[in-house]
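Participant: Okay, predicted coordinates and the sequence, questions at the end:
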Amino acid sequence: MRTLREKQDLSTRVLSGWFGAVWILFLAVVVTQFWWIRNTALVWWVKGREAYFRDGVRVLPGKPTRFSTGELVPQFPDMVTGFAYFIILTLGLSAVLIVGLRVYERYHQKRTL
């Protein structure tokens with residue numbers, strides 16, 4: 001007879017243990033280290049690609065959010081790019097992890113006839 005733990009798939013078992021906390025810490029590090037991607041998207045949206053590449057417009061650190069030209073960043077694009085960056089990155093990496101675990105489980109589980 002199988003126990004409840006054996007009936008759960010690998011991704012559920014892995015993420016419910018200590019690895020879940022490590023995964024959240026990993027996501028936090030990735031989100032903070034690659035924040036420049038969100039800033040690039042914000043400049044492209046508000047000022048255009050030419051302003052980013054030719055004019056060197058960047059997002060300055062700190063609050064309120066400002067461009068390197070001194071202009072305040074509009075609130076709506078700031079919120080949308082921040083939220084979209086966070087959701088796409090965290091859900092995307094988590095989906096890749098879960099799919100990878102399921103593929104691993106499928107091809108490496110004991111075969112019973």
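Facilitator: Received, thanks.
Participant: which one's the longest helix in this protein?
Facilitator: Across the chain, the longest stretch assigned as helix under DSSP state H is helix 75-108.
Participant: Report the buried residues of that helix.
Facilitator: When neighbours are counted by 16 or more other Cβ atoms under 10 Å, the buried residues of helix 75-108 are found to be P77, D78, T81, G82, Y85, L89, T90, L97, I98, L101. For every residue, glycine as well, the C-beta is placed using N, CA and C.
Participant: Quick check: mean pLDDT of that helix?
Facilitator: Across helix 75-108, the average pLDDT comes to 91.
Participant: The residue most central in space within the chain and L60, how far apart?
Facilitator: Within the chain, the residue whose C-alpha comes closest to the C-alpha centroid is L89; the distance, by Cα atoms, centre = their mean, is 1.9 Å. Plainly put, L89 is 22 Å away from L60 if you go by Cβ to Cβ, to the nearest Å.
Participant: Also P77?
Facilitator: According to Cβ to Cβ, P77 and L60 sit 15 Å apart.
Participant: same thing with L15?
Facilitator: According to Cβ to Cβ, L15 and L60 sit 37 Å apart.
Participant: ok, now S68?
Facilitator: Spatial separation of S68 from L60 under the definition Cβ to Cβ is 6 Å.
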